[in-house]
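>>> Can you look at this prediction? I've put the sequence above it.
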Amino acid sequence: MVNIEDYVARIEETCGEEKNLIVTFKYDRKDEVVKRILKNAKMEKSVSGIIFELTFGNASFRLYSSGKAIFRNLKDKDELKSVLSGLLV
Amino acid sequence: MLDPYKIREDFPILKRRINDNPLIYFDNAATSQKPKQVIEAIKGFYENHNANVHRAVHTLSQEASELYENAHEEVAKFINAKGMEETVFVRGTTEAINLVAYAWGLHNLRKDDEVLITLMEHHSNIVPWESLSKMIGFQVKYAEVNNDGTLSYEAFEKMVSSKTKLVCFSHVSNVTGVVNDVKRIVKVAHEHGALTLVDGAQSVPHLPVNVKDLGVDFLAFSGHKMLAPTGIGVLYGRREILEKMEPFHGGGEMIREVSFDPVARRCSISWNSLPWKFEAGTPNVCGGVGLMEAVKYLKKTGMENVETHEEMLTVYTMRHMQECKNVEIYGPKSASAKCGIIPFSVAGLSSHDVALALDNYGIMIRSGFHCAQPLHQMLKLQSSARASFYIYNTREEIDRFIEVLKEIEQF
């Protein structure tokens, strides 16, 4: 079982009509996080190997090699945490 | 002419690298970076002069009081106010507007009155009026904005009437960078007997602002957007108006006398002189010192030079952004109608995606509503990405910004 708090520094809900959730991963673990997520999620598209359009189950999101990700259309932070648990295994 | 390369040497943070890239800071409309002169002034204050002001006769308190008062005078000169009695130090623009709402509005607005604002306002110039309106019952009216984000002056002028008691508007929009014609608005407001409150958060740091020439009654602005630390800002008010106003907060510093009447068993209170009447409690002395140093820095740079430099950057950026096939710029197409702020979108990407992608390359911009949701609704935008410039930004940084935009627009 993954403890997502070991990997996540901040979760922020965006303003704007699109209610997205932005996750900032802990800086010292960002490379590990990116590697794990790329292993577990399905790659739809990528730009220059630094921006990745991914899906995982019903969740679609973009991951940045800087260690940030933006998740679209998730119900709330609880759903996000459950997605992250699966992604970070 | 302003030399941004020389200026950059004064800003330690600009040497940082973010995500293995040189930092490019294009979020100046949110807050500016601080030069070492300001950082050292703050450090110097705490190392040498720290004491409470106006409370003690000892040397340190005298020094701190003098510095704090000098800061007021320096700011007054910067905006051409009569003197420090017209420059009230507050936490920032938001508090300055709230001060006017509660110290003037609460005592002067009646049920049948109207407060006229515009649809391009920052939430800080909407929420206080809507809240106060619920308490008093006056009407808040919103002047229309054209599709390019400029104010519809004709519509605005038709909305001003004898019922209008206060006209509140931004000098420069924090979303589009549109520069409003302050003199024109003030003239119409005054012809109808209304006072004017100008949100100068995005103008005072970037343009020469002269309160006497503009004729405004109130001007609110923040220190942190003009090289000073956070937590310090200014409300300029015409002396005659400030003198008649009730205090905003009660406590120490803002009173001359609190005397207890043993018969009535009540205290009678007289207010301190301006500007202290509006600065209850121990003020942000160090913030004031930082603001004074920031103002000195800007004066030395020359506000005309600041304006010219930012206009050059805006023209250059807008021209080169047109090379991007999937980038749309909002607001006026002419850079001369605006001031150092460029809102835009990239097709297929949300504003937050754009900001995150640029962050990956060390470029800091803003995304979202920028605390101006009604304007986004009016312009039918879900949100926007915003690049905004200041004295230390360069053409090379813009070249890099465009290069990265071209890369991410392919997504």
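Ah, there it is. Small disclaimer: the values here were computed from a predicted structure and weren't measured.
>>> ok now do B:Leu381, which residues does it touch?
Residues near B:Leu381 by C-beta atoms under 8 Å, 6 or more residues apart in numbering or on different chains: B:Tyr330, B:Ser345. For glycine as for every other residue, the C-beta is placed from the backbone atoms N, C-alpha and C.
>>> What's the per-residue pLDDT of it here?
Among the per-residue scores, B:Leu381 shows a pLDDT of 88.
>>> wait, is it part of a helix?
No. Looking at B:Leu381 with DSSP: H, G, I helix; E, B strand; the rest coil, it is coil, so not inside a helix.
>>> near chain A, which residues of chain B?
Within chain B, the residues that sit near chain A (C-beta under 8 Å from any C-beta of the partner chain) are B:19, B:350-353, B:356-357, B:359-360, B:367-369, B:373, B:376, B:382-383, B:407-408, B:410-411.
>>> so what pLDDT did the spatially most central residue of chain A get?
The centre of chain A sits closest to A:Ala69, judged by C-alpha atoms, centre = their mean, with a distance of 4.2 Å. At A:Ala69, the predicted lDDT confidence score is 96.
>>> Which elements pack onto the worst-scoring helix or strand of chain A on mean pLDDT?
Sorting the helices and strands of chain A by mean pLDDT, DSSP states H and E puts strand A:42-47 at the bottom, at a mean of 91. On a contact count with 3 or more C-beta pairs under 8 Å, 6 or more residues apart in numbering or on different chains; DSSP states H and E, strand A:42-47 meets strand A:51-56.
>>> The strand it packs on and chain B in contact?
Yes. Against chain B, strand A:51-56 shows contacts by C-beta under 8 Å from any C-beta at A:Ile51, A:Glu53.
>>> Give me the contacts around that strand.
Contacts to strand A:51-56, defined as C-beta under 8 Å, 6+ apart, come from residues A:37-38, A:40-46, A:60-65, A:83, A:86-87, B:357, B:360, B:408, B:411.
>>> helix or strand for B:Ile97, which one?
Using DSSP states H and E, B:Ile97 maps to helix B:93-99.
>>> Which other helices and strands does that helix contact?
Helix B:93-99 packs on strand B:87-90, strand B:195-199, strand B:218-222, strand B:233-237, going by 3+ C-beta pairs under 8 Å, 6+ apart.
>>> swap the cut-off to 10 Å and go again
Packing contacts for helix B:93-99, counted by 3 or more C-beta pairs under 10 Å, 6 or more residues apart in numbering or on different chains; DSSP states H and E, involve strand B:87-90, helix B:127-136, strand B:195-199, strand B:218-222, strand B:233-237.
>>> and residue 20, how many residues sit next to it?
By default, I'm working from chain A. A:Asn20: 21 surrounding residues under other C-beta atoms under 10 Å in any protein chain shown.
>>> Let me rephrase: I mean chain B.
Burial of B:Asp20 is recorded as 10 neighbouring residues (other C-beta under 10 Å).
>>> for it, what are its contacts?
Taking C-beta atoms under 10 Å, 6 or more residues apart in numbering or on different chains, we find B:Asp20 in contact with A:Ser65, A:Ser66, B:Asn360, B:Tyr361, B:Gly362.
>>> Which single one of the residues you listed is nearest to B:Phe78?
B:Gly362 (32.8 Å; C-beta to C-beta).
>>> so how far is B:Pro229 from the closest one?
Per C-beta to C-beta, to the nearest Å, B:Gly362 is found 24 Å from B:Pro229.
>>> can you tell which of the helices and strands packed on helix B:93-99 is closest to B:Ser273?
Comparing these by C-beta to C-beta, strand B:87-90 comes nearest, at 11.9 Å.
>>> name the helices or strands packed onto the closest one?
Secondary-structure packing of strand B:87-90 (3+ C-beta pairs under 10 Å, 6+ apart): helix B:59-78, helix B:93-99, strand B:218-222, strand B:233-237, helix B:285-301.
>>> what do you get if the cut-off is 8 Å, keeping everything else the same?
helix B:59-78, helix B:93-99, strand B:233-237, helix B:285-301.
>>> Relative to A:Thr24, which of those is closest?
Short answer: helix B:93-99, nearest of the helices and strands packed on strand B:87-90 by C-beta to C-beta, at 26.4 Å.
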